[in-house]
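Participant: Quick check, what structure comes out for this input:
(one chain, ligands or ions: 1)
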Amino acid sequence: MQDQDIQKAMPSIRQAVNDVETIRRDGKGPTGELVLFPHLPYILSEDLLMDEKERQQLAKLEASATSIDVVVSIGIGGSYLGNKALFDAFCGPYWNMGLASERQLPQVFFAGQNADPESLSALTRYLEVKAKTTEKQLNIVLLVISKSGSTIEPMSAFYALYPRLSAICHVEVITITDKQHGLLLSQSQEKHWMHFSVPEGIGGRFSVLSQVGIVFCALCGIDYREMIQGAKECDQACQGKDWKENPALALALFRYLATVSRGVTAEVVMPYGDRLNSFGRWYAQLMAESLGKAKNRQGKTIHYGRTLVPSLGTTDMHSMTQEHQEGPNNKLIQFITVQNMDTSMPVHCQEGNVTGTVDIGRIMKTAQRANAEALASEQRMSCHIALPAVTPRTMGGLFYFFMLTVAYEGGLAGINAFDQPGVETYKKIMHSYLKGYMSGK
Ligand SMILES: O=P(O)(O)OC[C@H]1O[C@H](O)[C@H](O)[C@@H](O)[C@@H]1O
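Facilitator: This next block holds a predicted model:
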């Protein structure tokens with residue numbers, strides 16, 4: 001960032017600081033709408049977002065998690081991506097394959113994140129076979145998450161799974177949806193299912209640190225208290241009005257300047273390590289829906305935003321890096337790395353006539369460093385967040401940090417980061433076709 005760019009951006013920086021202060025103080029976004037995500041780090045100690053009844057239910061669930069065989073988390077968008085990021089970070093690809101006696105916690109599957117009959121029927125078949133071949137009755141939790149309570153993909157998945165599984169197993173339904181409205185809420189109340197709310201003022205893409213992620217963590221044995229503690233520490237570290245003393249504001253400013261002064265139109269989020277792969281996809285929704293906006297707050301058409309490309313190191317260095325290095329110089333590469341991985345795995349390594357033993361984690365770190373240096377050698381922009389380790393605490397901090405960065409960037413760009421009017425256009429067309437189809441037109 002150059003001084004002259006920063007000087008020019010001073011009014012926007014003041015606007016961003018003012019915006020986030022207003023949200024923190026009054027819970028109001030730029031058009032006066034309720035925005036309460038800055039209360040998420042305090043969700044376990046304040047009553048604003050989670051009430052006593054929910055706390056008691058949560059404690060009950062946490063205590064009973066070991067008696068559940070399978071959890072199917074049903075949701076899409078913000079009702080899916082955060083939980084998938086948590087699952088990848090703390091359970092991993094082999095979680096469901098391990099022995100139940102070793103895992104001592106439920107198997108975890110996701111459904112409703114696509115309108116895809118093939119994966120849904122494969123999951124149904126797998127669970128049916130498991131139910132029929134397990135001696136005792138299978139105990140399944142369908143965790144149905146939808147803020148609106150009407151999104152077609154998760155609702156369809158629920159309508160497909162619930163009757164089929166209820167016929168052969170013990171199924172408990174837990175719903176996480178709006179407190180007051182929606183189809184899922186009315187069904188939940190009618191059937192007396194355990195219910196948690198997606199709190200008012202918490203948009204789907206901000207909901208991973210709310211009941212949406214917390215209930216999921218309680219079922220999978222992930223320490224959600226530590227996750228919320230991490231968010232709190234991040235909140236406290238990002239209060240400054242001066243960008244040099246506020247890392248969330250600094251990163252937002254860097255991205256904003258890259259966009260408006262350096263012709264950056266794409267952002268590649270590139271975590272290194274499989275555990276963070278889905279975090280990139282979570283961030284894709286947060287960034288795309290918050291910052292991809294046609295109009296600024298004065299109603300002027302500006303088409304702000306960057307195309308977000310989730311990518312994975314080192315994997316995608318062998319597919320996408322060529323374009324990052326030599327394609328249009330229009331992108332910002334956002335690296336996320338882990339300083340201390342849980343595992344070390346020393347292997348034989350040969351570089352020319354030098355042979356030795358190198359830890360695979362060192363190979364990963366070296367690859368990231370080389371990637372950043374190669375980009376810099378061609379005046380290509382990158383930024384780097386290094387987590388000390390992947391823990392519930394650092395992940396809570398990371399989720400919250402990225403939420404704050406988009407709130408600041410919304411202020412810098414003079415847009416509303418808390419609505420998503422653009423997704424309504426296709427929905428209207430799709431629902432009118434489906435209605436026509438069902439009425440035989
Ligand atoms: O949680 P739900 O109401 O089911 O919404 C799921 C997703 O659907 C929409 O298409 C929105 O664009 C997303 O922001 C939201 O996260």
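Participant: show me what contacts whatever residue of the stretch 201-350 of the chain ends up closest to the ligand?
Facilitator: Ranking the residues of the stretch 201-350 of the chain by distance to the ligand (C-beta to the nearest ligand atom) places Gly204 first, at 3.0 Å. C-beta here means a position set from N, CA and C on the backbone, and glycine is covered the same way. Residues counted as contacts of Gly204 (C-beta atoms under 8 Å, 6 or more residues apart in numbering) are Gly77, Gly78, Ser79, Lys147, Val198.
Participant: Give me the nearest residue to it, chain neighbours excluded.
Facilitator: If you skip the residues right next to it in sequence, Gly204 has Gly78 as its closest partner in space, 2.7 Å away by C-beta to C-beta, 6 or more residues apart in numbering.
Participant: Contact residues of the stretch 101-250 of the chain facing the ligand?
Facilitator: If contacts are counted using C-beta under 6 Å from any ligand atom, the residues of the stretch 101-250 of the chain sitting beside the ligand are Ser146, Lys147, Ser148, Thr151, Pro154, Gly204, Arg205.
Participant: most neighbours, which of the residues you listed?
Facilitator: Neighbour counts for these were taken using other C-beta atoms under 10 Å; the highest belongs to Ser146, which has 31 neighbours.
Participant: So that residue sits against Ser156, correct?
Facilitator: No. In this structure, Ser146 sits apart from Ser156 without contact. The criterion is C-beta atoms under 8 Å, and the distance is 11.3 Å.
Participant: Contacts only, for the residue of the stretch 1-150 of the chain found nearest the ligand.
Facilitator: Among the residues of the stretch 1-150 of the chain, Gly77 lies nearest to the ligand; the distance is 2.6 Å by C-beta to the nearest ligand atom. Under the criterion of C-beta under 8 Å, 6+ apart, the neighbours of Gly77 are Thr151, Gly204, Arg205, Gln285.
Participant: can you pull the pLDDT of Val70?
Facilitator: Reported pLDDT at Val70 in the predicted model: 97.
Participant: which strand residues sit across from it in the sheet?
Facilitator: Gln107, Ile140 (DSSP bridges).
Participant: any idea how far it is from Thr321?
Facilitator: Distance from Val70 to Thr321, counting by C-beta to C-beta, to the nearest Å: 39 Å.
Participant: and if you look at Lys84?
Facilitator: Taking C-beta to C-beta, one finds Lys84 at 25 Å from Thr321.
Participant: Likewise for Gly422?
Facilitator: For Gly422, the distance to Thr321 under the criterion C-beta to C-beta works out to 30 Å.
Participant: of these two, who's got more company?
Facilitator: Thr321 (21 against 13).
Participant: contacting residues around that one?
Facilitator: When the contact criterion is C-beta under 8 Å, 6+ apart, the partners of Thr321 are Asn371.
Participant: for Ala16, same thing?
Facilitator: So, once contact is read as C-beta under 8 Å, 6+ apart, Ala16 ends up touching Leu249, Ala252, Leu253, Tyr408, Glu409, Gly410, Gly411, Leu412.
Participant: that older thread, how far away is the residue of the stretch 1-150 of the chain closest to the ligand from Asn416?
Facilitator: For Gly77, the distance to Asn416 - C-beta to C-beta - is 18 Å.
Participant: before we move on, what about Pro163?
Facilitator: Between Pro163 and Asn416 the distance is 41 Å, computed by C-beta to C-beta.
Participant: Which neighbouring elements make contact with the helix or strand hosting Ile228?
Facilitator: Secondary structure from DSSP states H and E places Ile228 in helix 224-237. With contacts taken as 3 or more C-beta pairs under 8 Å, 6 or more residues apart in numbering; DSSP states H and E, helix 224-237 sits against helix 211-220, helix 392-413.
Participant: again, only this time at 6 Å
Facilitator: The criterion is 3 or more C-beta pairs under 6 Å, 6 or more residues apart in numbering; DSSP states H and E, and the helices and strands that helix 224-237 contacts are helix 392-413.
Participant: any idea of the angle the helix it packs on forms with helix 224-237?
Facilitator: Using axes from the mean of the first three to the mean of the last three C-alpha atoms, to 10 degrees, the inter-axis angle of helix 392-413 relative to helix 224-237 is 40 degrees.
Participant: pull the CA atoms of the helix or strand following helix 392-413 into PDB?
Facilitator: Counting by DSSP H and E, the next helix or strand C-terminal to helix 392-413 is helix 423-438. The C-alpha trace of helix 423-438 is given here as PDB (Å, rounded to 0.1, in the frame of the first residue of the first chain):
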ATOM      1  CA  VAL A 423     -29.800 -13.700  -5.200                       C
ATOM      2  CA  GLU A 424     -33.500 -13.000  -5.500                       C
ATOM      3  CA  THR A 425     -33.500 -12.600  -9.300                       C
ATOM      4  CA  TYR A 426     -32.800 -16.300 -10.100                       C
ATOM      5  CA  LYS A 427     -35.000 -17.400  -7.200                       C
ATOM      6  CA  LYS A 428     -38.000 -15.700  -8.700                       C
ATOM      7  CA  ILE A 429     -37.500 -17.300 -12.100                       C
ATOM      8  CA  MET A 430     -36.800 -20.700 -10.600                       C
ATOM      9  CA  HIS A 431     -39.800 -20.700  -8.300                       C
ATOM     10  CA  SER A 432     -42.100 -19.600 -11.000                       C
ATOM     11  CA  TYR A 433     -40.900 -22.500 -13.200                       C
ATOM     12  CA  LEU A 434     -41.400 -25.000 -10.400                       C
ATOM     13  CA  LYS A 435     -44.900 -23.600  -9.700                       C
ATOM     14  CA  GLY A 436     -45.700 -24.000 -13.400                       C
ATOM     15  CA  TYR A 437     -44.400 -27.500 -13.400                       C
ATOM     16  CA  MET A 438     -46.500 -28.600 -10.400                       C
END
